[in-house]
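Colleague: coords please:
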Amino acid sequence: MATKTVRLRIRRQANPQAKPYWEDFELVWKRGMNVISAMMEIATNPVTRAGKATTPITYDSNCLEEVCGSCAMLINGRARMACSALVDKLEQPIRLEPFSKFPVVRDLAVDRNVIFENLKAVKAWIPVDGTYDLGAGPRVSAREQEEAYPISRCISCCCCMEACPQFNDKTGFVGAATIAQVKLFNTHPTGRMQKHERLAALMGDGGIQECGYAQNCVEVCPKDIPLTRAIADVGGDVMKQALVEFFRG
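Modeller: Presented below is the predicted three-dimensional model:
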């Protein structure tokens with residue numbers, strides 16, 4: 001009986017300036033194998049399908065349970081998490097590529113710093129005045145908690161940004177994840193104090209007006225976050241604030 005194998009075709013790049021190239025690998029199949037475990041197998045024996053010695057694949061990974069968001073990449077052309085991508089459910093050869101809209105660091109690892117810069121731009125946090133005990137915070141009803149929880153599940157994987165046709169160098173669009181966080185913090189009783197600043201940050205270049213509502217973000221989000229609903233809600237708030245400022249003006 002022939003040994004069952006897994007074939008992978010991986011796009012590699014030694015550094016940001018190097019020319020990308022492809023390498024093919026063939027591994028012995030194991031039950032429950034995912035993309036990350038396949039690359040771990042390559043690391044223990046970095047030899048291509050043609051028998052040529054090579055180097056282990058560089059990629060980002062941490063939790064291995066779809067929580068940290070670091071192992072996002074293009075798998076068979078789709079943005080998704082490598083830790084939850086089971087080999088048995090993927091068409092072979094499995095094609096692995098780095099995200100196309102982020103600077104490549106090496107192989108499958110990319111620089112996703114832009115999402116953190118975008119989150120800083122919209123003040124996606126709740127400021128704390130000092131390090132002393134502020135006492136109990138405002139009560140949040142069960143209904144409000146249930147509404148906020150789905151958005152709070154964002155893991156900053158950037159899958160939504162990779163899949164978005166509007167997210168590119170020309171538009172500077174902040175992306176669905178950042179807009180959803182504006183929704184999250186603007187609905188929090190304490191975070192609401194900075195609501196005006198967050199909405200103002202989405203009125204300029206790369207703001208919410210850049211969204212074409214393609215809904216690709218919802219299709220690829222690994223945490224099933226209601227991104228389009230969040231975008232619609234924030235868009236309405238931005239429009240209301242813009243109208244108020246216009247007539248005051």
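Colleague: make it CA atoms for all contacts and neighbour counts henceforth
Modeller: Fine.
Colleague: quick one, what contacts the residue nearest the centre of the chain?
Modeller: Compute the mean C-alpha point of the chain, and by CA atoms, centre = their mean the closest residue is residue 158, 1.8 Å away. Applying CA atoms under 8 Å, 6 or more residues apart in numbering, we find residue 158 in contact with 72, 112, 115, 177.
Colleague: next step: those residues restricted to helices.
Modeller: Counting by DSSP state H, the contacts of residue 158 place 115, 177 in helices.
Colleague: and the lengthiest helix in the chain, how far from the chain's centre?
Modeller: Taking DSSP H as the criterion, the chain has its longest helix at helix 227-248. Chain-centre distance of helix 227-248: 24 Å, with CA atoms, centre = their mean, to the nearest Å.
Colleague: same check on stretch 234-249?
Modeller: Distance, centroid of stretch 234-249 to centroid of chain: 29 Å (CA atoms, centre = their mean).
Colleague: can you show me the helices along this structure?
Modeller: Assigned by DSSP H, the chain shows helices spanning 35-44, 113-121, 142-152, 159-163, 176-187, 195-201, 216-220, 227-248.
Colleague: what's the closest of those helices to residue 169?
Modeller: Proximity to residue 169 (CA to CA) singles out helix 113-121 among these, at 11.0 Å.
Colleague: what's that closest one packed up against?
Modeller: If you count contacts as 3 or more CA pairs under 8 Å, 6 or more residues apart in numbering; DSSP states H and E, helix 113-121 packs onto helix 176-187.
Colleague: any residues touching the helix it packs on, and which ones?
Modeller: So helix 176-187 is contacted by 115, 118-119, 122, 124-126, 148, 151-152, 154, 156, 158, 160-161, 191-195, 198-199, 208, 217, 227-228, 230-231, 233-234 (CA under 8 Å, 6+ apart).
Colleague: show me what contacts the closest residue to residue 162 other than its chain neighbours?
Modeller: Excluding its sequence neighbours, the residue lying closest to residue 162 (CA to CA, 6 or more residues apart in numbering) is residue 101, at 6.0 Å. For residue 101, the contact set (CA under 8 Å, 6+ apart) comprises 162, 167, 168.
Colleague: let's see the pLDDT reported for the residue lying closest to residue 10 once chain neighbours are set aside.
Modeller: In space, residue 10 comes closest to residue 96 once its chain neighbours are excluded; the distance is 4.8 Å by CA to CA, 6+ apart. Per-residue confidence (pLDDT) for residue 96: 98.
Colleague: over to the one 5 residues further on?
Modeller: The model reports residue 101 with a pLDDT of 97.
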